[in-house]
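Asker: What shape does this take:
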Amino acid sequence: MDALCVLVVDDDEDIRQVTRELLESAGYRVAEARSVEGTLHFLATSAAPLVVLLDFLLPPDDATPVLHYLVTHPQVAARCAVITFPATPSLLTPEYTALAEHLGAPSVAKPFDLDTLLAAVAERAAGLRQRGAMRAVHAAALPSAS
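Answerer: Numbers count the residues shown, from 1 in each chain. Next up, the predicted model:
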């Protein structure tokens, strides 16, 4: 399994930079995206397990298409753990909220408490690692075709 990566998705460069520095100082590998299109491309092309910190307001409109993509592509969602990362939770649409709930995505609103964000990322990363270990155990338990 590839090394876990945290994908910071936000259209605000300052937020991406501060969040990247925080996560890197905690030992995480970090990538960034600033739009729906960039996020979808990263999700489709990365093989790494991903913790996705997902802002709501993203060009061209909002991040709902990202959540919809994960719900409709379970093979990609299996290696992703989303944390919603909105600046204004009151703006979240019912569709965005329902999709986030379907994916089991907790929310860390901005401005965020550093410890709260790091704890949420650690929890989601641990869940991904456990899922990866379980897949490896199940794969090893399958009889080989002879």
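
Asker: Do a quick rundown of the strands in this protein.
Answerer: When assigned using DSSP state E, the strands of the chain occupy the ranges 5-9, 29-33, 50-54, 80-84.

Asker: Can you give the contact residues for the third one?
Answerer: Applying C-beta atoms under 8 Å, 6 or more residues apart in numbering, the contact partners of strand 50-54 are 4-10, 19, 28, 39, 43, 63, 66-67, 79-85, 105, 108, 117, 121, 124-125, 128. Yep, even glycine has a C-beta here, placed from its N, CA and C like the rest.

Asker: Output the strands of the chain in CSV, with mean pLDDT and mean neighbour count appended to each entry.
Answerer: Shown next, in CSV, are those (pLDDT from 0 to 100; neighbours: other C-beta atoms under 10 Å):
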stretch, mean pLDDT, mean neighbour count
strand 5-9, 98, 23
strand 29-33, 98, 17
strand 50-54, 98, 25
strand 80-84, 97, 23
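
Asker: Relative to residue 92, which of the ones you listed is closest?
Answerer: Minimum separation from residue 92 across the strands of the chain (C-beta to C-beta) falls at strand 80-84, 7.8 Å.

Asker: and the closest one, how far from the chain's centre?
Answerer: In terms of C-alpha atoms, centre = their mean, to the nearest Å, the centre of strand 80-84 is set 3 Å apart from its chain centre.

Asker: which helices and strands sit right next to it?
Answerer: strand 50-54, helix 64-72, helix 94-102, helix 114-141 (3 or more C-beta pairs under 8 Å, 6 or more residues apart in numbering; DSSP states H and E).

Asker: Contacts for it, please.
Answerer: For strand 80-84, using C-beta under 8 Å, 6+ apart, the contacting residues are 43, 49-54, 56, 67, 70, 92, 96, 100, 103, 105-108, 120-121, 124-125, 127-128.

Asker: Buried among these? Make that a PyMOL selection.
Answerer: Provided next is the PyMOL selection string for whichever of these are buried by 16 or more other C-beta atoms under 10 Å:
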select buried, resi 43+49+50+51+52+53+54+56+67+70+92+96+100+103+105+107+108+120+121+124+125+128
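
Asker: thinking again about what came up before, nearest to residue 15, of the strands of the chain?
Answerer: Across the strands of the chain, closest to residue 15 is strand 5-9 (C-beta to C-beta), at 7.9 Å.

Asker: No further questions, thank you.
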